[in-house]
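**Student:** Just the structure for this:
(one chain, ligands or ions: 1)
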Amino acid sequence: MPATASRLAIFQESVIREMTRLANRHQAINLAQGFPDFDPPAALIAALEQSARGAFHQYSITWGSARFRQALAAKINRFTRLAIDPDKHLVTTCGSTEAMMVAMMTACNPGDKVIVFSPFYENYAADAILSGAEPIYVSLRPPGFGFDPGDLRRAFRQNPKALVLCNPSNPCGKVFTREELLFILALAQEHDAFVITDEVYEHIVYAPAEHIPFATLPGAWERTLSCGSLSKTYSITGWRLGYVAAPMEIIAQARKVHDFLTVGAAAPLQEAAATALEFPDTYYADLLAEYSRKRDIFLGYLRQTGLPFTTPQGAYYTLVDISSLGFASDRIAAEELTRRIGVTGVPGSSFFREPVHRYIRFHFAKKDETLHAAGERLASKLRA
Ligand SMILES: Cc1ncc(COP(=O)(O)O)c(C=O)c1O
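**Tutor:** Numbers count the residues shown, from 1 in each chain. Next comes the predicted model:
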């Protein structure tokens, strides 16, 4: 048998998806893979039924249906000071997952370096490697997960082609301050690098933290590829809808990458999802109120365990420090918690470049009853 491509040996299969399979095998509550177990808004399901009966069963425009892009541009412009033109500044993708891959392949040549903050969402290193680029890492330091300005400056001295910014951040829940973002921008300008953002949790930010879209910073637009998604905001991770927003010259190239990767996102789903993009502001306030409540419920149970954990400023993940429990590794801890307690998280080491083996990541995008069931199991069986 011929050998498969050597670049694939550099990274592992997704640990998150592997933990989901483990949870399914043991019928454990899956707090590993970050997707809701509740329905999307009823209006969205109704729109999907309607679009199934419409004339949307063939390829759409490869970079996104006109209605979807118009609704998306209007929604982005409503929440930012940007003036996104649906015909020039957008490419619709199969989730932010494809958006990030498109952005990376658009920005980077083989051999280029890409700065990734660690801990990081596991796709970024794979995106860089599949693009032929080399990830270089800058630590976000617990407990606040800020970066050392000197570390970032040193990383930029290696002349990276791009920096990946996940804001709000998965897994650590950090929301970058204006000061931090301006510091990143100044270095990106000085070294003429792109900034590729992943802002899928833009609407899940807990006060007093505030999400500042990177592209809205003065002078940032021309070097920013903003990746976003409908997955988390509208609880439709299975619809696979996302986008890259960027200046026209960049999007013209990104559309080519997207076309050859996937041709396009699913046409009936784009049509239906335009309804979500037209939801009023109250939808987003309600979404945040819901997640704030869920965060309080779940963290309340974690408090009872006596274990240290992170309180996210954004997104819906917490890192629980299990180092006092005596497991040989976080991997073994995650497997044992699945088997013995019936709650599955992700071994934190899969998010860190550094040898950090003290965390399990849990997410709380679940129905209240699921959170109570998982929380009770953890609170009664896990003790510091
Ligand atoms: C930071 C981050 N980016 C991207 C994704 C995937 O988004 P999508 O469903 O739009 O591909 C996730 C999913 O958990 C995520 O946490």
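**Student:** what about whichever residue of the stretch 1-150 of the chain sits closest to the ligand, how many residues close to it?
**Tutor:** Closest approach between the stretch 1-150 of the chain and the ligand, counting by C-beta to the nearest ligand atom: G95, at 2.6 Å. Quick note: C-beta positions are derived from backbone N, CA and C, even for glycine. Neighbour count of G95, defined by other C-beta atoms under 10 Å: 23.
**Student:** what do you get for C166?
**Tutor:** 28.
**Student:** name the element F327 belongs to?
**Tutor:** In the assignment (DSSP states H and E), F327 maps to no helix and no strand.
**Student:** I'd guessed it sits against E335; true?
**Tutor:** No: using C-beta atoms under 8 Å, F327 is not in contact with E335, being 9.1 Å away.
**Student:** how much space between R339 and A23?
**Tutor:** Distance, R339 to A23, by C-beta to C-beta, to the nearest Å: 11 Å.
**Student:** ok, now H372?
**Tutor:** In terms of C-beta to C-beta, H372 sits 18 Å off from A23.
**Student:** Now find how far off-centre stretch 142-149 is within its chain.
**Tutor:** 19 Å (C-alpha atoms, centre = their mean, to the nearest Å).
**Student:** can you offset everything so residue one is 56?
**Tutor:** With the count now opening at 56, the last piece we talked about shows up as stretch 197-204.
**Student:** buried set for that stretch?
**Tutor:** 197, 200, 202 (16 or more other C-beta atoms under 10 Å).
**Student:** out of those, which are inside strands?
**Tutor:** The strands, defined by DSSP state E, take in F202 from the buried residues of stretch 197-204.
**Student:** what's the closest of the buried residues of stretch 197-204 to N225?
**Tutor:** F200 (11.5 Å; C-beta to C-beta).
**Student:** shouldn't that closest one be in contact with K229?
**Tutor:** Yes: counting by C-beta under 8 Å, F200 touches K229, with 4.1 Å between them.
**Student:** interface residues of the chain facing the ligand?
**Tutor:** Residues of the chain that fall close to the ligand, judged by C-beta under 6 Å from any ligand atom: 89, 150-152, 176, 221, 225, 253, 255, 284, 286, 292, 297.
**Student:** pLDDT score for R80?
**Tutor:** Looking at R80, its pLDDT stands at 96.
**Student:** Neighbours of it, how many?
**Tutor:** 11.
**Student:** Spell out, range by range, the helices that occur in the stretch 56-205 of the chain.
**Tutor:** Using DSSP state H, counting those that start in this stretch, the helices of the stretch 56-205 of the chain run over residues 70-80, 97-108, 121-134, 150-162, 178-185, 204-211.
**Student:** and the angle from the fourth one to helix 178-185?
**Tutor:** What that stands for is helix 150-162. Here the directions of helix 150-162 and helix 178-185 differ by 40 degrees (axes from the mean of the first three to the mean of the last three C-alpha atoms, to 10 degrees).
**Student:** which secondary structure elements does helix 150-162 contact?
**Tutor:** The elements that helix 150-162 packs onto, with contact taken as 3 or more C-beta pairs under 8 Å, 6 or more residues apart in numbering; DSSP states H and E, are strand 145-148, helix 178-185, strand 217-221, strand 249-253, strand 279-284, strand 297-300, helix 303-317.
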